[in-house]
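Novice: fold the following for me, if possible:
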Amino acid sequence: MIKIVLDANVFVSAVIKSPSNPARILELVKERKVFLISSNEILSEIRTALLYPRLQRLHHRTANEIERFLENTARISLIVSGKIKVQEIKDDPADNKYLSVALEGKADFIISGDRHLKDLKIFHGIRILDPSTFLTLMTKA
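Specialist: Have a look, this model is predicted:
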């Protein structure tokens, strides 16, 4: 099965706008067509972003609904510790957690809209794609 790491921006986009490419990727995870790898640090970043007041005005979910969403996400994911430390991205060191989690979980892809990650294109054999490109690849497989 294809193993993926999703950037927090993909989760936020999926919650704010459905249907969308990010929402479709989450559906693939729920349908167990791809396997999600994450970490508590990534889940915490998603929580923080979804609780921003300006984003809550867009998605209209309560803090309890966000917690349930994150719990359900964790339940269907492999949660790794993120103990492999990576220093690849200098311009935005916080993005290194995605590389770390992908390495530890032996991911096939990192899916992100973040240019710091996408500019790498590939990291230790792990392809880094935006949601649209990933879905196009999935439809060809």
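
Novice: which residues of this structure fall in strands?
Specialist: Per DSSP state E, the chain carries strands over the ranges 2-6, 34-39, 77-80, 109-111, 122-123, 126-129.

Novice: may I see these arranged in CSV, with mean pLDDT, distance to Thr139 and mean neighbour count as well?
Specialist: Just so you know, the C-beta spots here come from the backbone N, C-alpha and C atoms, and that holds for glycine as well. Listed next are the strands of the chain as CSV, based on pLDDT from 0 to 100; distance: least, C-beta to C-beta, whole Å; neighbours: other C-beta atoms under 10 Å:
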stretch, mean pLDDT, distance to Thr139, mean neighbour count
strand 2-6, 98, 13, 23
strand 34-39, 97, 13, 22
strand 77-80, 96, 23, 19
strand 109-111, 98, 14, 26
strand 122-123, 96, 21, 14
strand 126-129, 97, 13, 20
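
Novice: distance to Ser100 added to these, as TSV?
Specialist: Formatted as TSV, those follow (distance: least, C-beta to C-beta, whole Å):
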stretch	distance to Ser100
strand 2-6	9
strand 34-39	8
strand 77-80	8
strand 109-111	11
strand 122-123	10
strand 126-129	11
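
Novice: out of those strands, flag the one nearest Val86.
Specialist: With C-beta to C-beta as the criterion, Val86 lies closest to strand 122-123 of the strands of the chain, at 8.3 Å.

Novice: the closest one pairs with which strands?
Specialist: strand 126-129 (antiparallel) (DSSP bridges).

Novice: so where's the chain shaky on pLDDT?
Specialist: Applying pLDDT under 70 to the chain picks out residues 141.

Novice: angle of the lengthiest helix in it against strand 2-6?
Specialist: Criterion DSSP state H: the longest helix present in the chain is helix 63-75. For helix 63-75 against strand 2-6, the angle by axes from the mean of the first three to the mean of the last three C-alpha atoms, to 10 degrees is 150 degrees.
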